[in-house]
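**Student:** Based on what follows, work out the 3D shape:
(2 chains)
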Amino acid sequence: MITELGHFALILAFMVAIVQMIVPLIGAQKRWPGWMAVAEPAANVQFLLTGFAFAALMWAFITSDFSLRLVVLNSHSAKPMLYKISGTWGNHEGSMLLWVLIVTLFGAMAAWFGGSLPPGLRARVLSVQSAIAVAFFAFILFTSNPFLRMAVPPFDGQDLNPLLQDPGLAFHPPFLYLGYVGLSMSFSFAVAALIEGRVDAAWGRWVRPWTLAAWVFLTIGIALGSWWAYYELGWGGFWFWDPVENASFMPWLLAAALLHSAIVVEKREALKSWTILLAILAFGFSLIGTFIVRSGLLTSVHAFANDPERGVFILIILAVFTGGALTLFAARAQEMEAKGVFGIVSRESALLTNNILLAVSCFVVFFGTLWPIIAEMFFDRKLSVGPPFFNAAFTPFMVLLGLILPVGSMLPWKRGRLGRAAWSLRYAFVLSVALALLVWTMQTGQSVLGPTGLFLGAWVVSGAAMDLWSRTGRSGRLGRLMRLPRADWGKATAHAGLGITIFAVAGLTAWEQEDIRVVQFNEPFEVGEYTLTLKRVERVSGPNYISTMGFVRLEEDGHEIALLRPEKRDYPVARMPTTEAAIDYRLMRDVYVVIGDQQNNGGWTVRTYIKPFANWIWGGCIMMALGGFISLSDRRFRVAAGARKAPEGGVPAE
Amino acid sequence: MTRVLVLCAALVAFLFAPIAASAVEPDEVLDDPVLEQRARDLSQGLRCLVCRNESIDESNADLARDLRLLVRERLVAGDSDEDAIDFIVARYGEYVLLKPTVTGANWLLWAAGPIMLLIAAGVGFIYLRGRSRAAPTPEEKLSDSEVARLKEILDD
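**Tutor:** Model prediction:
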């Protein structure tokens, strides 16, 4: 019954979305306030109905209702409750329902917080947002309906893919979707502005918090996925340049560019048409990501959702939205003339350089991801483009970005002098060079990767600190530091987070140690400065799996510092093994132990990795996200986004 | 979403290639550490043909193990790195290389980034020069309703 109600609510939400797409748009063109006002209640109703449909599906998972096809395919009665809940979105149909739920959530939020927007713009934004929802409602209802029943319900389900039964991955998709779909708000604002033919500083101010929120969620989502890969896949890799990873990374790069170019629109009324284009492209890349993942286009060997019908549907959505928006852009872009005048060396030009580097690096990732298809179609060559290519082609852009970031963020608006900005960073530069040299002399006969990464990281972090310091003026510095706008703190925190991540990636890659051997019980072996001993191996049964668990004692200088329990799990229902690495997390390094198979001589294969600064990668990501949140809480955004006070008696108070 | 689906794909891959081993096994490791290091470096650039986007160094499929052993065999036989790679490419095709060669149309792939950067930098510079020479536009007067709204914001 609840399932049918959920299904019905979804269909109703589809209807409401169609109304919300058409009526407010006509109202805005004709300036009929009644028609425009339809948008807000419609957005709320749409969100509530979709929320109900999603809750109904979740209920079916929680109660293990095996009359539902989706539940049979992705759940099992013995599965822990957390994964019954996360199983709701751990599959194609459910994840699309979550996607559309977030589309309607953002639409409703635009209705709640959009009180200060001009009525015409608000109606158009909500209408465009609803058009996106309509497309995805149709996609779900016509090709991927989660509410289909089984004719003959089985006694139990087929269980969720065991790799997905993990806390990190349980919350990875919702964050990623909040990011992907958050960019739909920037898109809706861009298209609404194109329809109105007006982009000004106010528009830049309205669109920034949405972009910033989307970027923050994307950062968290990508970091969670990367962290999960690190501890779950069994050798501690954290980024693979997989097409599906690239699909989430490209919108992140463009959202980062959009954040910065919207600042120029807001402060200086320049770069308008470029910002609009970026907003369209950023959401376009979210859609491309969905298409790549769902169509099986790039996974020709072993595709998951290799369903041409779904792929074609998403391709049509992609073509209609980005194609339509780009056509509108071509027709209207020249009407948006820049106002601000600024020199070749200025904050504006630094932000433009940031945008060039981010957009071109996104292009490199895009081209590399698609190249195997292009090569096969046009040149009849079947080839692979893997991590070595991306590392070589992408890294230089990040190095350049890191080099110019501190200088650029010190430059004044309108007109600046490079020498002056560089001079104010002299301490940061000396510190970074000194640190890099120190480390270079300490390490023996290794590459320059580590010291270079350290230099870059220290340069970005200390540059961010100098930037904050330089804003405090001459006297009473500490007091003023605390009273700086939160946007300044957010900026410094996020930039420092980027520096830390850059350093950590370089440090981990350069200084990682690895040891693979066959180990007998109670025979200690040394890896780096640590002594490890395999004490015993036991069979342990979990709720829905059987585990082979090793007990490894980790010693440093003769003291036991941890007892590590690496596991190999076997999930009998899903018929699939997983490895669970045991990790001793520390500030400066992780010790990462994986247990393999028993050998003929009775020993066990044990892999040990020492991974310096691994935590710093995600620490940096957390700082970037935190910086975004701090900026979001700045007063300017609250004023811009906050609900407008109703003018008393219809007359503005003088 | 992305991870979820990679994993589902990985699941299929696992079903096709039941786990026999996991990545580099102790019995594969060569006694000569220099040769072993070369073998590891080469393995990281070779694709596991039955997996999705994994190098043979990371993969635990049987075929990846065979390829790892083959690489080591060639190195022990005295091949240079290039010879060993050429040998494997001759057998399995260009698809096995994770880092595409700069031959034929592939130069387009390698040059795409730098070319795009040059174009973007050129366009950006022209834009900047235009902005620095443009005459400042006269400030627009605020409309009455905007003045009222501004006052409201400032009073907050």
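
**Student:** Look up how far A:F394 lies from whatever residue of chain B ends up closest to chain A.
**Tutor:** Checking chain B residue by residue against chain A with CB to the nearest CB singles out B:L98 as nearest, at 2.9 Å. Backbone N, C-alpha and C define where each C-beta goes, glycine included. In this view, B:L98 and A:F394 are 14 Å apart by CB to CB, to the nearest Å.

**Student:** of the two, who's got more company?
**Tutor:** B:L98 (23 against 20; other CB atoms under 10 Å in any protein chain shown).

**Student:** Okay, now the unreliable bits of chain B?
**Tutor:** B:1-22, B:136-141, B:156 (pLDDT under 70).

**Student:** Report the secondary structure state of A:W210.
**Tutor:** When the structure is reduced to helix, strand and coil (DSSP: H, G, I helix; E, B strand; the rest coil), A:W210 reads as helix.

**Student:** so how far is the longest helix seen in chain B off the chain centroid?
**Tutor:** When chain B is parsed with DSSP state H, its longest helix is helix B:106-133. In terms of CA atoms, centre = their mean, to the nearest Å, the gap separating the centre of helix B:106-133 from the centre of its chain is 23 Å.

**Student:** close to chain A, is it?
**Tutor:** Yes - Helix B:106-133 lies within reach of chain A by CB under 8 Å from any CB of the partner chain, at B:106, B:109-110, B:112-113, B:116-117, B:120-121, B:124-125, B:127-129, B:131-132.

**Student:** dump the residue contacts of residue 35.
**Tutor:** No chain specified, so I'll use chain A. Residues touching A:W35, when contacts are defined by CB atoms under 8 Å, 6 or more residues apart in numbering or on different chains, comprise A:23-24, A:26-28, A:123.

**Student:** Switch to chain B, please.
**Tutor:** Counting by CB under 8 Å, 6+ apart, B:L35 makes contact with B:72, B:75-76.

**Student:** quick one: whatever residue of the stretch 401-550 of chain A ends up closest to chain B and A:V552, what's the gap?
**Tutor:** Per CB to the nearest CB, A:V518 is where the stretch 401-550 of chain A lies closest to chain B, at 4.8 Å. Separation of A:V518 from A:V552 (CB to CB): 14 Å.

**Student:** more crowded one of these two?
**Tutor:** Of the pair A:V518 and A:V552, A:V552 is the one with more neighbours under other CB under 10 Å, namely 24 against 18.

**Student:** Secondary structure of the more buried one: a strand, I assume?
**Tutor:** Yes - when the secondary structure is assigned by three-state DSSP, A:V552 falls within a strand.

**Student:** Can you give me the distance of the residue nearest to the spatial centre of chain A to A:L357?
**Tutor:** Compute the mean C-alpha point of chain A, and by CA atoms, centre = their mean the closest residue is A:L218, 2.1 Å away. Here the distance between A:L218 and A:L357 works out to 18 Å (CB to CB).

**Student:** re the thing from before, please report phi then psi for the residue nearest to the centre of chain A.
**Tutor:** As for A:L218, its main-chain torsions (degrees, to the nearest 10) stand at phi -60, psi -40.

**Student:** got a list of what it touches?
**Tutor:** For A:L218, the contacting residues are A:175-176, A:179-180, A:182, A:248, A:251-252, A:255, taking CB under 8 Å, 6+ apart as the criterion.

**Student:** ChimeraX command to pick out the buried ones of the residues you listed?
**Tutor:** With 16 or more other CB atoms under 10 Å in any protein chain shown as the criterion, this ChimeraX line picks the buried residues out of those:
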select /A:175,176,179,180,182,248,251,252,255
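
**Student:** so which of the contacts of A:L218 are also by chain B?
**Tutor:** Cross-checking the contacts of A:L218 against chain B (CB under 8 Å from any CB) gives A:176, A:180, A:248 as the overlapping residues.

**Student:** between those, which is closest to A:G450?
**Tutor:** A:S248 (27.7 Å; CB to CB).

**Student:** which SS state does that closest one fall under?
**Tutor:** Three-state assignment for A:S248 (three-state DSSP): helix.

**Student:** just checking, it touches A:G221?
**Tutor:** Yes - at 7.0 Å, A:S248 counts as touching A:G221 under the criterion of CB atoms under 8 Å.

**Student:** so what sits against both of those two?
**Tutor:** Between them, A:S248 and A:G221 have A:176, A:179 as joint contacts when contacts are counted by CB under 8 Å, 6+ apart.

**Student:** out of the contacts of A:W35, which are buried?
**Tutor:** Taking 16+ other CB under 10 Å as the criterion, what is buried in these is A:23-24, A:27-28, A:123.

**Student:** can you tell me which two in those residues are farthest apart?
**Tutor:** Taking CB to CB as the measure, those reach their widest spread between A:V23 and A:A28, a distance of 9.8 Å.

**Student:** about what we covered before: before we move on, which element is the residue of the stretch 401-550 of chain A closest to chain B in?
**Tutor:** With elements delineated by DSSP states H and E, A:V518 resides in strand A:513-519, which encompasses its position.

**Student:** Output that strand as PDB, restricted to C-alpha atoms.
**Tutor:** As requested, the backbone C-alpha atoms of strand A:513-519 are provided in PDB (Å, rounded to 0.1, in the frame of the first residue of the first chain):
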ATOM      1  CA  GLN A 513      57.000   2.300   1.500                       C
ATOM      2  CA  GLU A 514      55.700  -1.100   0.500                       C
ATOM      3  CA  ASP A 515      56.400  -4.600   1.700                       C
ATOM      4  CA  ILE A 516      55.000  -7.800   0.400                       C
ATOM      5  CA  ARG A 517      56.000 -11.200   2.000                       C
ATOM      6  CA  VAL A 518      54.900 -14.500   3.200                       C
ATOM      7  CA  VAL A 519      54.700 -14.500   7.000                       C
END
